[in-house]
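A.B. asks: Just to be clear, the model below is a prediction. Sequence and coordinates:
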Amino acid sequence: MRGRIATVNGQPITRRDLDSAVQGFAMDRYRKTREHLAAEELAALEEMAVERLIARELIFQEALARGVVADEAAVAAEEEKIIANFPSAEEFAGTLEKAGISAADYHRMVRQDLTVNLMTERKLAELPEPAAAEIETFYREHPERMVHPLQVRASHLLIRAGADEAARREARERIAELKGRAATEDFAALAREHSQCPSAGAGGDLGYFRRGTMAPEFEEAAFAQQVGEVGEAVETQFGVHLIKVLDRRAEAPMNLEEATPKIRTFLREDAGARLLKDWVAALKARAEIRMIP
């Protein structure tokens, strides 16, 4: 086990836990890996990650105290879903080995995550549904948010490549060859056969997405391309892509009926965030938390 950074009621939070959490936050917030973060971005994410890890451990301990534990069937299903994102089970196992994580440790991590989710869902179930008057008031007061955002539907073909320049050069050459074939062959068929992304099974189709949900380089190219066009090669941290834009939806205002599900979700999430913040604060107040320099 790597060095401890904190204990929560005697249970350790390790440097490996922190590194893993920061990597996840880096992808969610900046669409890039930890290694590509600026120093101030990394420091901010590490501070947030420590707080989240402490909260996670507190909720897990509360769940155990109440007899709330994810069952083995749910854990196994979640592991299968995660492994499906890798080219093979062997590659997934190799990734764990490189990270110094045993299969048993990973199983416990997944069980803990699912247990925390279960306990959190039970707590959030205490919230009442937003009232119709509250929804209407929000709709009137925030017209700038009551719009369907500009979206594109795109398909892509990915050839993976790491930081090694020789590997990236090889990926570029392969993408160039596939772009030539895309001029006369079906793009979806090429993606199914050659793409190294989990979307290959769907012919590379990523569905509709708005700005802020993809890697910046990918997003910039997708929103700049014309419908039906296969663009130039795009490089991201994941490798080299070919993108074909399938459709585009312009920004449009929502009426109250259309906006209601979005507003209801926002109001529940806002109330839920406040409820969880207060709950974790109460758990912290009666816990013994020790930070380790």
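C.D. replies: Great, that's in hand.
A.B. asks: For this protein, name the helix or strand with the lowest mean pLDDT.
C.D. replies: None of the helices or strands of the chain scores lower by mean pLDDT, DSSP states H and E than helix 15-30, at a mean of 80.
A.B. asks: Give me the distance from it to the chain's centre.
C.D. replies: 11 Å (Cα atoms, centre = their mean, to the nearest Å).
A.B. asks: in that helix, what counts as buried?
C.D. replies: Arg16, Asp17, Leu18, Ser20, Ala21, Val22, Gln23, Phe25, Ala26, Tyr30 (16 or more other Cβ atoms under 10 Å). Where C-beta positions appear, they are placed from N, C-alpha and C, glycine not excepted.
A.B. asks: for those residues, which one is nearest Phe266?
C.D. replies: Nearest to Phe266, judged by Cβ to Cβ, of the buried residues of helix 15-30 is Phe25 at 21.7 Å.
A.B. asks: And for the nearest residue to Pro198 once chain neighbours are set aside, the neighbour number?
C.D. replies: Once flanking residues are discounted, Pro198 sits nearest to Asn85: 5.5 Å by Cβ to Cβ, 6 or more residues apart in numbering. Using other Cβ atoms under 10 Å, Asn85 has 9 neighbouring residues.
A.B. asks: Next, Asn85: secondary structure please.
C.D. replies: Taking DSSP: H, G, I helix; E, B strand; the rest coil as the rule, one finds Asn85 in the coil state.
A.B. asks: Would you check how far apart it and Cys197 are?
C.D. replies: Asn85 sits 10 Å away from Cys197, going by Cβ to Cβ, to the nearest Å.
A.B. asks: Please apply the same query to Leu267.
C.D. replies: Leu267 sits 35 Å away from Cys197, going by Cβ to Cβ.
A.B. asks: Show me where the stretch 1-150 of the chain dips below the pLDDT cut-off.
C.D. replies: Within the stretch 1-150 of the chain, the stretches with pLDDT under 70 are 1-2, 31.
A.B. asks: hmm, try it at 90
C.D. replies: Residue ranges of the stretch 1-150 of the chain with pLDDT under 90: 1-4, 14-46, 81-106, 108-109.
A.B. asks: ok now do Ile243, which residues does it touch?
C.D. replies: Ala154, Ser155, His156, Phe218, Ala221, Ala222, Gln225, Val230, Gly231, Val234 (Cβ atoms under 8 Å, 6 or more residues apart in numbering).
A.B. asks: Buried ones in the longest helix anywhere in the chain, by neighbour count?
C.D. replies: For the chain, the longest helix by residue count, based on DSSP state H, is helix 256-285. Within helix 256-285, the residues that count as buried by 16+ other Cβ under 10 Å are Ala259, Thr260, Lys262, Ile263, Arg264, Phe266, Leu267, Trp279, Val280, Leu283.
A.B. asks: any idea of the pLDDT on the closest residue to Glu217 other than its chain neighbours?
C.D. replies: Leaving aside its sequence neighbours, Glu217 sits nearest to Thr236 (Cβ to Cβ, 6+ apart; 5.0 Å). We have a pLDDT of 91 for Thr236.
A.B. asks: got it, and the one 5 residues further on?
C.D. replies: At His241, the pLDDT value in this model is 96.
A.B. asks: now the strands for the chain?
C.D. replies: Using DSSP state E, the strands of the chain run over 4-8, 11-14, 147-148, 151-160, 205-210, 234-236, 239-249, 252-253, 289-291.
A.B. asks: Tell me who's in contact with the closest residue in space to Leu58 that isn't next to it in sequence.
C.D. replies: Excluding the flanking residues, the one nearest Leu58 by Cβ to Cβ, 6+ apart is Leu283, at 4.2 Å. Leu283 makes contact with Ala55, Leu58, Ile59, Glu62, according to Cβ under 8 Å, 6+ apart.
A.B. asks: mind running it again at 10 Å?
C.D. replies: Val8, Asn9, Ile54, Ala55, Glu57, Leu58, Ile59, Gln61, Glu62, Ile289 (Cβ atoms under 10 Å, 6 or more residues apart in numbering).
A.B. asks: count of residues packed around the closest residue to the fifth one other than its chain neighbours?
C.D. replies: Closest residue to Glu57 apart from its sequence neighbours, by Cβ to Cβ, 6+ apart: Val8 at 4.3 Å. Other residues near Val8 number 21, with proximity taken as other Cβ under 10 Å.
A.B. asks: mind starting the numbering at 49 from now?
C.D. replies: All set: I'll call the first residue 49, so the last point we hit is now Val56.
A.B. asks: isn't Val56 right up against Arg338?
C.D. replies: Yes - between Val56 and Arg338 a contact is recorded at 8.2 Å, counting by Cβ atoms under 10 Å.
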